[in-house]
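*Asks:* 3D model of this:
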Amino acid sequence: MSAITSSFSRVANSVLKEVRNDKDALIGAIEFWSSQQNKSRRKKKKKKGKGKSYIEPTSTTGFWVYANATDNYVLAKIDDDYPWWPARLCNVKDETICKDLNSLDRKVLSLVGEEKLFVLSEKEIKPYSREVAKEDISKLDEESALKWREVSWMY
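*Replies:* Predicted coordinates for the structure are as follows:
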């Protein structure tokens, strides 16, 4: 029994560490996006001293946040080399993070066939349409096209 408990504890600690890292990455991304938004709002006068620097997240950066996937399906564009992909919009349960993301016009999505959550700007999201998605399939390699067909047939 102690071997099972020890094994469970080791695996659980590893998973919890990954979740903490992914949530910290989301908080850092929100700070980065906020700083970018604030820069564009400020006048072009130089400030003395150094500002806080952030690692720039991309659309392909996966995050963790306490959220529930909705039944609202959309198409998401996470990268120029990736087609519009079916995804589910998620309701973020953390009020602070939800408020911050809304103020930045960003949504949390669960891409069909992926484990991680992604945060995309509204311009990277559009209503689900098989016709639009099929146009992008021609740009895929054979393996990716097969994966897209597997995950999208039911939507």
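
*Asks:* now do the helix or strand harbouring Glu18: distance to the chain's middle.
*Replies:* Glu18 is part of helix 2-41, with elements assigned from DSSP states H and E. Taking CA atoms, centre = their mean, to the nearest Å, one finds helix 2-41 lying 13 Å from the centre of the chain it belongs to.

*Asks:* pull out the buried residues from it.
*Replies:* By neighbour count with 16 or more other CB atoms under 10 Å, helix 2-41 contains the buried residues Asp22, Lys23, Ala25, Leu26, Gly28, Ala29, Ile30, Phe32, Trp33. Every C-beta, even on glycine, is put in place using the N, C-alpha and C of the backbone.

*Asks:* what about the strands in the protein?
*Replies:* Secondary structure of the chain by DSSP state E: the strands cover 62-63, 67-76, 85-92, 106-111, 117-121, 125-127.

*Asks:* now the longest one - C-alpha only, CSV.
*Replies:* Only the C-alpha atoms of strand 67-76 are listed here, as CSV (Å, rounded to 0.1, in the frame of the first residue of the first chain):
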residue,chain,number,x,y,z
ALA,A,67,-12.1,26.6,-16.9
ASN,A,68,-14.9,24.6,-18.4
ALA,A,69,-15.3,24.0,-22.1
THR,A,70,-18.6,25.2,-23.5
ASP,A,71,-20.7,23.7,-26.3
ASN,A,72,-19.8,26.7,-28.4
TYR,A,73,-17.6,25.5,-31.3
VAL,A,74,-15.5,28.0,-33.3
LEU,A,75,-12.5,27.9,-35.7
ALA,A,76,-9.2,29.0,-34.2
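
*Asks:* how about Ala29: what's its closest non-neighbour residue?
*Replies:* Leaving out its chain neighbours, the residue that sits closest to Ala29 by CB to CB, 6 or more residues apart in numbering is Pro57, at 3.9 Å.

*Asks:* I'd guessed the one you found sits against Glu31; true?
*Replies:* No - counting by CB atoms under 8 Å, Pro57 does not reach Glu31; the two are 10.1 Å apart.

*Asks:* not counting sequence-adjacent ones, nearest residue to the residue nearest the centre of the chain?
*Replies:* Centroid-nearest residue in the chain, with CA atoms, centre = their mean: Phe118, separated by 1.0 Å. Closest residue to Phe118 apart from its sequence neighbours, by CB to CB, 6+ apart: Leu109 at 5.2 Å.
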